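> my questions concern the predicted model and sequence given below.
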Amino acid sequence: MTKGPVLIDLDDAAPVEGPDKAPPVPDAAPAPQGQAMQTAAVLAARRPSRLTRWFWSSLLALVGVVISVAAWDFVIGLLARSPVLGWLVIGLLAVLGLVMLAITLRELAAFSRLKRIDTLQADAEIALAEQDLAKARQVADRLTTFYAAREETRWGRERLADYRADQFDASGLLGLAETELLVPLDQAALREVEGAARQVATVTAIVPLALADVVAALTSNIRMIRRVAEIYGGRSGVLGSWRLTRVVMAHLVATGAVAIGDDLIGSIAGGSLLSKLSRRFGEGIVNGALTARVGVAAIEVCRPLPFNRVARPSVTGLVKRALTGLFGRG
C-alpha cells in the first residue's frame, strides 16, 4: 500500500469566517435615563397635599407653643432662684428674637426682589409685544435703578445712558439694555450652570450609593438656582430659593424637559466611549446634561429681561463645555 499526501477538495464547503465577521454582542442594558435628575425634579416640583400642609402647620404651631411655655417657665424659675442669671437669659432671648426678626426681614426682602424681577420681565414682554417705546423706557429706567449698586454694571449703565437716545423703538432700546447690562451677568450665570452640571455628573459617575446621586443632584440644583438668582440680583433666602426651585422644576416637569428625548442628551449618552463601558458614567453624563437644562430654565426665570437681542443659551454648548474632558470627548 502506497503512502502519500491526500488531497481533499473543499470547493463546495462554506468559507470559515474570522472573529472580525462575528455579529456584535447585543447590549441588554437599557440606555442611561438620568434617573437621579428625574427623581430630584419630581421631588422638588411635587406640591404637598392640603392634608400634609395642615399637618405640618399644626405640628409647628404645637412645637412653638411648647417651646415658648417651657422657656417662659424656665426664665420665671431662674429669676426666682438667681435674678442675675434670669436677666442674662432674658437678654439672650431678646438677642435671639432680634436675630429671628432680621432673618424674617431678609426673607421678605428676598421675596420683594424676586417680585421686582418678575414684574420687570412681564413689563418688558408687554413692551416688546406691543412695541410700546414709553413702557420700554420705563423698564430701562427701572432696570438701571435695580443695578445701580452693582459695580460690574457701571460701564454698561454709562453706555446705556449715552446711546439710549438713539433708539426709536422698544426692541432697540430693550436690546441695548440687554446687551449692555445683562451680558456680563449671563456669562457669570452660565459658569455657575456649567459647574453644577460637572459636579452632578462627577458624583453620579463616582459615588456608588443608591440615593447619593439623587441627594447630590437635588442639592446641586438648588444651589445653582440660588446662585443664578443672586447673579441677576434676586438674592433669595431659604424660602425664596425653595420657591424658585419649585417654579423651575415644575415648569420642566410639565413640559417634559427632564426626560430623555431625541435631542443632544440622548446622543451624548450614547456617543461617549466611557458611557458604553460603564452605565454609571452614562448616567453621570445624562444627569449633568439635565442639570444644564435646569440651569437654562433658571436663567430664563431669574433674568429681568427676556432673551431678545442676545441668543438664548444653548444646552448643547453648555453640555459640551461642562462635560468635555470630564468623561472624554463624545
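That came through fine.

> packing partners of the longest helix along the chain?
If you go by DSSP state H, the chain has its longest helix at helix 83-130. With contacts taken as 3 or more CB pairs under 8 Å, 6 or more residues apart in numbering; DSSP states H and E, helix 83-130 sits against helix 50-81, helix 133-146, helix 170-177, helix 238-255. To be clear about C-beta, it is placed using only N, CA and C from the backbone, and glycine gets the same treatment.

> and it with helix 170-177, angle?
Following axes from the mean of the first three to the mean of the last three CA atoms, to 10 degrees, one obtains 140 degrees for the angle between helix 83-130 and helix 170-177.

> can you give me the helices for the stretch 201-330 of the chain?
Using DSSP state H, counting those that start in this stretch, the helices of the stretch 201-330 of the chain run over 212-231, 238-255, 264-271, 273-277, 279-302, 315-323.

> wait, W87 touches L78, no?
No. The criterion here is CB atoms under 8 Å, and W87 misses it with L78 at 9.1 Å.

> give me the more crowded residue out of those two.
More neighbours surround L78 than the other of W87 and L78, with 17 against 13 (other CB atoms under 10 Å).

> leaving out the residues flanking it, which one is nearest to the more buried one?
Spatially, and ignoring its direct neighbours in sequence, L78 is nearest to G86 (4.2 Å; CB to CB, 6 or more residues apart in numbering).

> what sits against that neighbour?
75-76, 78-80 (CB atoms under 8 Å, 6 or more residues apart in numbering).

> which one among the residues you listed gets closest to S171?
When these are compared for distance to S171 (CB to CB), V75 wins out at 63.8 Å.

> returning to what we had before: include distance to R159 and mean pLDDT when you put the helices and strands packed on helix 83-130 into a markdown table, please.
Formatted as a markdown table, the helices and strands packed on helix 83-130 follow (distance: least, CB to CB, whole Å; pLDDT from 0 to 100):
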| stretch | distance to R159 | mean pLDDT |
| --- | --- | --- |
| helix 50-81 | 49 | 85 |
| helix 133-146 | 11 | 90 |
| helix 170-177 | 8 | 89 |
| helix 238-255 | 30 | 69 |
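
> which ones are touching E194?
With CB under 8 Å, 6+ apart as the criterion, the residues that contact E194 are 292, 318, 321-322.
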